[in-house]
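Student: okay, predicted coordinates and the sequence, questions at the end:
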Amino acid sequence: MQWSDFRRSLDSLVNLQVPRRVAFSKDCLSMQLHGSCDASTKAYGACIYLRCKHFNGSVTSHLLVAKSRVAPLDDLKKRKRKQSIPRSELSSALLLAHLYEKVVTSLKITVRSYFWTDSMIVRYWLSSSPSRWQQFVANRVSEIQHATRGGVWSHVPGTENPADVLSRGVTADQLNEDPLWWNGAPWMRGNEDCWPENVHLTVAGVDPTVLEENSAVSVVVNMSPPNEIFSLRSSLTRLVRITAWLLRWKHNAQQRTHNNRRSGILTYAERESALLHLVRLAQRECFEQELKDLQREGQVKSTSRINTFHPIMLDGIVRVGGRLVNALVSTERKHPIVLDKNHPFTSLVCFIITTICYMPVSDCSLAAFVADFGRSAYVVLPGRQYTVV
């Protein structure tokens with residue numbers, strides 16, 4: 001429509017009369033609120049009507065409040081596409097929910113409320129939990145469900161939706177003579193038996209990308225239950241000590257080491273060997289498939305949860321790969337050991353590293369072991385690194 005035609009049509013607004021009072025408390029038997037929403041590529045909006053049933057049996061409905069907004073435009077700089085029609089319809093439903101909250105707060109009365117939309121997708125969204133949908137839809141569905149709790153969302157044919165005036169637009173001449181806009185659909189002033197039937201929800205044939213449903217992904221993690229040895233002691237140093245004694249007993253019990261049996265106090269090498277033995281045992285329980293892949297192919301699969309660490313295997317232990325191969329630092333610094341945060345061994349590691357500076361140590365050998373152990377770097381999934389410098 002040209003600007004001159006629009007300007008000329010404004011003259012008809014001189015005869016427009018809007019009633020300031022839409023309800024009569026003395027002869028009003030019951031009241032209801034009916035909200036409608038609609039959207040198009042140009043705009044979206046919502047309107048609310050007050051339906052009164054009088055003592056003489058007559059029913060009246062009047063426009064109470066309305067609001068519209070311009071539909072989002074293309075953002076060429078950010079390369080954002082124009083908002084889809086289902087999203088605009090959902091935005092109009094959110095606008096209706098906000099209007100409804102303001103009306104209920106202003107009227108300070110409790111009335112039955114009904115909400116109408118001609119979008120089957122919006123009704124489908126609102127009939128499910130917000131967690132089922134992607135973020136844009138989920139946030140708005142959650143807010144709409146909370147704001148309109150206690151109300152009923154139903155389907156209305158597009159030709160009987162008064163909010164269509166807001167989304168499509170009308171001239172001033174048409175607005176002045178449009179009973180659908182000022183008083184709502186004709187069935188609103190009839191018995192409830194004459195209201196639109198609640199159409200069965202169906203989205204058959206709708207593009208799944210339009211529904212924006214979260215895809216369910218099932219991940220099977222082969223993680224064996226923790227070995228009982230990790231529950232023998234609540235302190236890592238004590239667990240390492242008892243593991244070292246067990247490994248010494250295993251060494252001395254073998255026939256081929258009959259002439260090379262170990263005795264005396266535990267050496268530093270035995271403690272270190274016991275610690276690495278516990279690391280291998282914990283990794284075998286958490287990264288069983290990754291260990292097999294590293295042994296066979298030298299790398300893990302792209303779907304592995306530790307793939308981002310570019311893991312390598314050194315002496316049977318999974319460590320972080322990377323570009324520090326030629327760095328003048330220790331192997332532990334260049335290639336930290338990978339641990340799973342849910343394994344009990346990891347809890348012992350994190351505890352001793354965070355408390356190593358305050359731990360009272362009685363003998364020199366244990367102090368040297370703990371100090372050197374604290375300088376080793378460990379990467380704990382999902383990516384937090386614990387180390388003591």
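Tutor: Okay, I see it.
Student: tabulate the CA atom coordinates of stretch 61-74 in PDB.
Tutor: This file holds the C-alpha atoms of stretch 61-74, laid out as PDB (Å, rounded to 0.1, in the frame of the first residue of the first chain):
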ATOM      1  CA  SER A  61     -16.600 -10.300  24.600                       C
ATOM      2  CA  HIS A  62     -14.500  -7.200  24.200                       C
ATOM      3  CA  LEU A  63     -10.900  -6.500  23.300                       C
ATOM      4  CA  LEU A  64      -8.900  -5.800  26.500                       C
ATOM      5  CA  VAL A  65      -5.300  -5.400  25.400                       C
ATOM      6  CA  ALA A  66      -3.100  -6.000  22.400                       C
ATOM      7  CA  LYS A  67       0.500  -5.700  21.400                       C
ATOM      8  CA  SER A  68       2.500  -6.300  18.200                       C
ATOM      9  CA  ARG A  69       6.100  -6.300  17.200                       C
ATOM     10  CA  VAL A  70       8.000  -6.300  13.900                       C
ATOM     11  CA  ALA A  71       9.400  -9.600  12.800                       C
ATOM     12  CA  PRO A  72      13.200  -9.900  13.100                       C
ATOM     13  CA  LEU A  73      15.000  -8.800   9.900                       C
ATOM     14  CA  ASP A  74      18.000 -10.400   8.100                       C
END
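Student: neighbouring contacts of that stretch?
Tutor: 19, 22-23, 33-34, 39-52, 80-83, 88, 91, 95, 99, 102-103, 162-163, 166-167, 181-184, 188-189 (CB atoms under 8 Å, 6 or more residues apart in numbering). C-betas here are computed from N, CA, C, even on glycine.
Student: of these, which belong to helices?
Tutor: S88, S91, L95, L99, K102, V103, L166, S167, W181, W182, N183 (DSSP state H).
Student: now those residues: which count as buried?
Tutor: S88, S91, L95, L99, V103, L166, S167, W181, W182, N183 (16 or more other CB atoms under 10 Å).
Student: now those in TSV, with pLDDT and distance to N307?
Tutor: Shown next, in TSV, are those (pLDDT from 0 to 100; distance: CB to CB, whole Å):
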residue	pLDDT	distance to N307
S88	93	40
S91	95	39
L95	96	44
L99	95	49
V103	92	54
L166	93	51
S167	92	48
W181	91	59
W182	90	63
N183	90	64
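Student: any idea which of those is closest to G150?
Tutor: Distance to G150, by CB to CB, is smallest for V103 among these, at 13.8 Å.
Student: how close does the closest one get to Q32?
Tutor: 12 Å (CB to CB, to the nearest Å).
Student: cool, K42 as well?
Tutor: On the measure of CB to CB, K42 and Q32 end up 30 Å apart.
Student: more crowded one of these two?
Tutor: Q32 (17 against 12; other CB atoms under 10 Å).
Student: identify the bridge partners of the more buried one.
Tutor: R51, R112 (DSSP bridges).
Student: so what pLDDT did it get?
Tutor: pLDDT, Q32: 92.
Student: roughly how far apart are it and C47?
Tutor: Distance from Q32 to C47, by CB to CB: 15 Å.
Student: which residues touch H155?
Tutor: With contact taken as CB under 8 Å, 6+ apart, H155 is in contact with W116, T117, D118, M120, R123, P196, N198, V199.
Student: domain map for this structure?
Tutor: 3-211, 228-386 (automatic domain parsing).
Student: these: lowest mean pLDDT?
Tutor: Per-stretch mean pLDDT for the domains of the chain is lowest at domain 228-386 (a mean of 78).
Student: contacting residues for the closest residue to G150 other than its chain neighbours?
Tutor: The shortest distance from G150 to any non-neighbouring residue, by CB to CB, 6 or more residues apart in numbering, is to S113 (6.8 Å). S113 makes contact with Q32, L33, H34, G35, Y100, V104, T148, G150, G151, V152 under the criterion CB under 8 Å, 6+ apart.
Student: rebuild these as CSV, extending it with distance to N56.
Tutor: Converted to CSV, these look like this (distance: CB to CB, whole Å):
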residue, distance to N56
Q32, 17
L33, 22
H34, 21
G35, 27
Y100, 29
V104, 27
T148, 31
G150, 29
G151, 28
V152, 27
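Student: by neighbours, which of these wins?
Tutor: For these, counting by other CB under 10 Å, the largest number of neighbours falls to G35: 27 neighbours.
Student: relative to K102, how far out is that residue?
Tutor: Going from G35 to K102 by CB to CB gives 12 Å.
Student: all helices of the protein, in order?
Tutor: So, for the chain - with DSSP H - the helices run 3-9, 85-107, 120-126, 135-147, 164-168, 172-176, 179-183, 208-211, 236-253, 268-286, 288-297, 331-334, 344-355, 364-374.
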